[in-house]
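Chemist: Make a model of this:
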Amino acid sequence: MADPVTVGPEVFLAMGREVLAKQPFSVLIGAELAALSPGRCELHVPVSASVKQQHGFVHGGVVSYAADNALTYAGGTALRVPVVTSEFKINYLRPAIGERLIARAEAVHTGRSQAVCRCDVFVVLDGEEKLCAVAQGTIAALPASPAA
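Modeler: Residues are numbered from 1 along each chain as shown. Reported below is the predicted structural model:
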């Protein structure tokens, strides 16, 4: 079981946003960390022409990015250590047509070295959220770095 969080919710979210700001692809597409708490994450991605494919939908890779990054935040905050995705699956349910993606993830099981998480990805069109993908992933703790 992870130690309790000792910082306030605003500081916890700010720490998560600092991590996001260090991810060049996240910055490139304008991803925003909207909410973060231990084992839970909400990530937003604005829809622009640069993230669409030839039919006008958000590219599946961008939908997948949103799910994967939200899953990793959920697992990382549940485990409270540096993490990576070790396994990931996504089901696309409908084309993502709208103004914004919202990926909401949560850890459903946390062990000592990994967390299994799930994520729903919504697309917002005219203020209405529609589920466009569901994902599940295993988030693994990075091994400790050897002493230099």
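Chemist: and after the one helix or strand residue 63 maps to, which helix or strand comes next?
Modeler: If you go by DSSP states H and E, residue 63 is part of helix 60-79. On the C-terminal side of helix 60-79, the closest following helix or strand by DSSP H and E is strand 83-92.
Chemist: the longest strand in this protein is where?
Modeler: Longest strand of the chain, by residue count under DSSP state E: strand 128-141.
Chemist: That strand pairs with which strands, parallel or anti?
Modeler: Sheet pairing for strand 128-141, assigned by DSSP bridges, gives strand 83-92 (antiparallel), strand 114-125 (antiparallel).
Chemist: Output the contacting helices and strands for the helix holding residue 63.
Modeler: In terms of contacts (3 or more C-beta pairs under 8 Å, 6 or more residues apart in numbering; DSSP states H and E), helix 60-79 is packed against helix 9-21, helix 24-29, strand 32-37, strand 40-46, strand 83-92, strand 100-110, strand 114-125, strand 128-141. The C-beta positions use only the backbone N, C-alpha and C, and glycine is treated the same way.
Chemist: can I get these in JSON lines with distance to residue 64 and mean neighbour count?
Modeler: Shown next, in JSON lines, are these (distance: least, C-beta to C-beta, whole Å; neighbours: other C-beta atoms under 10 Å):
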{"stretch": "helix 9-21", "distance to residue 64": "17", "mean neighbour count": "13"}
{"stretch": "helix 24-29", "distance to residue 64": "12", "mean neighbour count": "13"}
{"stretch": "strand 32-37", "distance to residue 64": "18", "mean neighbour count": "17"}
{"stretch": "strand 40-46", "distance to residue 64": "11", "mean neighbour count": "21"}
{"stretch": "strand 83-92", "distance to residue 64": "5", "mean neighbour count": "15"}
{"stretch": "strand 100-110", "distance to residue 64": "10", "mean neighbour count": "21"}
{"stretch": "strand 114-125", "distance to residue 64": "9", "mean neighbour count": "22"}
{"stretch": "strand 128-141", "distance to residue 64": "8", "mean neighbour count": "18"}
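Chemist: want to try JSON lines for these, with distance to residue 63 and mean pLDDT as columns?
Modeler: Output for the helices and strands packed on helix 60-79, formatted as JSON lines (distance: least, C-beta to C-beta, whole Å; pLDDT from 0 to 100):
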{"stretch": "helix 9-21", "distance to residue 63": "17", "mean pLDDT": "93"}
{"stretch": "helix 24-29", "distance to residue 63": "11", "mean pLDDT": "97"}
{"stretch": "strand 32-37", "distance to residue 63": "16", "mean pLDDT": "97"}
{"stretch": "strand 40-46", "distance to residue 63": "9", "mean pLDDT": "98"}
{"stretch": "strand 83-92", "distance to residue 63": "7", "mean pLDDT": "97"}
{"stretch": "strand 100-110", "distance to residue 63": "7", "mean pLDDT": "98"}
{"stretch": "strand 114-125", "distance to residue 63": "6", "mean pLDDT": "98"}
{"stretch": "strand 128-141", "distance to residue 63": "5", "mean pLDDT": "98"}
